[in-house]
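Visitor: the sequence and its predicted three-dimensional model are supplied below.
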Amino acid sequence: EAQVTQNPRYLITVTGKKLTVTCSQNMNHEYMSWYRQDPGLGLRQIYYSMNVEVTDKGDVPEGYKVSRKEKRNFPLILESPSPNQTSLYFCASSFSTGELFFGEGSRLTVL
Amino acid sequence: ILNVEQSPQSLHVQEGDSTNFTCSFPSSNFYALHWYRWETAKSPEALFVMTLNGDEKKKGRISATLNTKEGYSYLYIKGSQPEDSATYLCAFGGSQGNLIFGKGTKLSVKP
């Protein structure tokens, strides 16, 4: 089954404790991206990747890192999480910049 | 900062009504315009990706048009059904690979 898989789906953590949200897709998509969704602000792009070893900042990259060492994986890293990073995170992938396929979302709470 | 505006923010219609929403986006560095349907507690699902000025796409009772010169797209739903209730998102795809979402139009269809 074609899918985008994110883990963990839910996480409560504390300020400053490094965490990684994994994202994996099995559709051989070149393009992958991360978004956060906050009430009243809609989906905002954090980082995107056009292909392996190519990553670019989106609208809200501060406090996040990503890597794209393999085509199928695009992890989101929070080196030192802060409460303002409490949000619902979505990973998505597509061929080039065609229609996005979204993961199920990861709800992160930083205390 | 590039801005994508959607109107109205919310819409309540009766079953059987036809309705339409607007998406306004920057007319420079345009690559693609996306429409997504987002049901509560689910992930966004793609409806259309349009790239050419004057493009019109249709999927069942839902259709969309694109005007890249003036920077707007319309989404039409003919004969709304309760199952059409969702938030409809548009996203501007820039030539550099970034994707900027509007805040969405929340549609409620009453039986």
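Guide: Alright, I've got the coordinates. Quantities reported herein were computed from a predicted structural model and do not represent experimental measurements.

Visitor: write out the residues of chain A neighbouring chain B.
Guide: In this structure, chain A approaches chain B at residues A:31, A:33, A:35, A:40-45, A:48, A:50, A:56, A:58-59, A:90, A:97-105, judged by C-beta under 8 Å from any C-beta of the partner chain. Heads up, the C-betas are built off the backbone N, CA and C, glycines and all.

Visitor: flag every residue of chain B that's near chain A.
Guide: Listed as neighbours of chain A in chain B under the rule C-beta under 8 Å from any C-beta: B:1, B:31-32, B:34, B:36, B:43-46, B:48-49, B:89, B:91, B:93, B:96-104.

Visitor: hmm, 6 Å instead?
Guide: Along chain B, the residues adjacent to chain A under the rule C-beta under 6 Å from any C-beta of the partner chain are B:32, B:43-44, B:46, B:49, B:93, B:97, B:99, B:101, B:103.

Visitor: could you export these as TSV, including pLDDT?
Guide: Converted to TSV, the residues of chain B next to chain A look like this (pLDDT from 0 to 100):
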residue	pLDDT
B:Ala32	94
B:Ser43	94
B:Pro44	95
B:Ala46	96
B:Val49	96
B:Gly93	90
B:Gly97	84
B:Leu99	90
B:Phe101	95
B:Lys103	95
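
Visitor: and the residue positioned nearest the centre of chain A, helix, strand or coil?
Guide: Nearest to the centroid of the C-alpha atoms of chain A, with distances taken as C-alpha atoms, centre = their mean, sits A:Trp34, at 3.3 Å. Secondary structure of A:Trp34, reduced to three states by DSSP: H, G, I helix; E, B strand; the rest coil: strand.

Visitor: quick one: it and A:Ile46 touch, right?
Guide: Yes: A:Trp34 is within contact range of A:Ile46, at 4.3 Å (criterion: C-beta atoms under 6 Å).

Visitor: just the strands in chain A please.
Guide: In chain A, the segments counted as strands under DSSP state E are A:4-7, A:10-13, A:19-25, A:31-38, A:42-51, A:54-57, A:65-66, A:76-78, A:87-94, A:101-102, A:106-110.

Visitor: for those, give me TSV that also has mean pLDDT and distance to B:Val109.
Guide: Output for these, formatted as TSV (pLDDT from 0 to 100; distance: least, C-beta to C-beta, whole Å):
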stretch	mean pLDDT	distance to B:Val109
strand A:4-7	97	29
strand A:10-13	96	31
strand A:19-25	97	33
strand A:31-38	96	23
strand A:42-51	94	22
strand A:54-57	95	38
strand A:65-66	98	38
strand A:76-78	98	35
strand A:87-94	97	25
strand A:101-102	96	23
strand A:106-110	97	28
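
Visitor: now render the ones you listed as CSV, adding distance to B:Glu15.
Guide: What follows is those, written out as CSV (distance: least, C-beta to C-beta, whole Å):
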stretch, distance to B:Glu15
strand A:4-7, 33
strand A:10-13, 35
strand A:19-25, 37
strand A:31-38, 29
strand A:42-51, 27
strand A:54-57, 44
strand A:65-66, 44
strand A:76-78, 41
strand A:87-94, 30
strand A:101-102, 28
strand A:106-110, 33
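
Visitor: fine by me, thanks again.
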